[in-house]
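[1] Next come a sequence and a model predicted from it.
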Amino acid sequence: MEIKSATFIVSSSKLSQCPDTTRPEYAFIGRSNVGKSSLINMLTGVKGLAKTSGQPGKTQLINHFLVNKEWHIVDLPGYGYARSAKTTREAWRKMINDYLLHREQLVNIFVLVDSRLKPQPIDLDFINFLGANGMPMSIVFTKTDKESQRVVSGNVELLRAALMESWEELPPMFLTSAQTGRGRDELLGYIEQINKSLS
Ligand code: GTP
Ligand code: MG
């Protein structure tokens, strides 16, 4: 898919504030600092479209971006940021769960996991939560430029094995790097396929 335009639409603090449209929507979620905003900038080819930071906890709201005047990308705040207060984490959980479970336009959730790490309990819990709720999801490994490919493939296999303990069918998986653009064509092709199936 060619990206012709990508623009910021709105930041919302709750589901009821999200844009009232019928456009298909793709959400990006994962641990704080995993690279959600960077991946969105890499996919759209617009530097600085989604705000990134070396400090975890940068994205705090539900951010909608319009791509090709056709579909939405949604940048979500990260989970598992240990330094945020318990009340903040609880508010996060409520906002995100409400959005994920009730947003009708949501057609796929990309769960980002750091390719440098072995499967993290918090990621497995989140993936299992989505699976248990029958949410359409894909797994996106980020930062593949930062580790040897041997380590990356090992971590992919470990996650597969962990998910196979609970699920018969594995979600699609993508290997990406916001640094090198790895996985861009695959992800955009995947989104294009889903968009086509909807029209
Ligand atoms: P929050 O909004 O705080 O939850 O973080 P986020 O998941 O949006 O992460 P963000 O995109 O802000 O990136 C966090 C840090 O990781 C930044 O310093 C990025 O430059 C870096 N980063 C993200 N993706 C990559 C990647 O593919 N390769 C490398 N080398 N660095 C990356
Ligand atoms: Mg972010």
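    Now that the structure is in, tell me what you want to look at. Ligands and ions are numbered 1, 2, ... in the order given.
[2] Which elements pack onto the longest strand along the chain?
    Using DSSP state E, we find that the single longest strand of the chain is strand 106-114. Under the contact criterion of 3 or more Cβ pairs under 8 Å, 6 or more residues apart in numbering; DSSP states H and E, strand 106-114 touches strand 25-30, helix 86-102, helix 121-132, strand 137-142, helix 184-198. Using the backbone N, CA and C atoms, a C-beta is placed for each residue, glycine as well.
[3] Determine how far that strand lies from the middle of the whole chain.
    Remark: strand 106-114 is offset 4 Å from the chain centroid, using Cα atoms, centre = their mean, to the nearest Å.
[4] Give me the nearest residue to the residue with the shortest distance to the centre of the chain, chain neighbours excluded.
    In the chain, the C-alpha nearest the mean C-alpha coordinate belongs to Phe28, at 2.0 Å (Cα atoms, centre = their mean). Once flanking residues are discounted, Phe28 sits nearest to Lys36: 4.6 Å by Cβ to Cβ, 6 or more residues apart in numbering.
[5] ok, how many other residues are close to Thr144?
    Thr144 has 25 neighbours, counted by other Cβ atoms under 10 Å.
[6] distance of it from Trp71?
    25 Å (Cβ to Cβ, to the nearest Å).
[7] correct me, but Thr22 touches Val107?
    No: counting by Cβ atoms under 8 Å, Thr22 sits too far from Val107 to count as a contact (11.2 Å).
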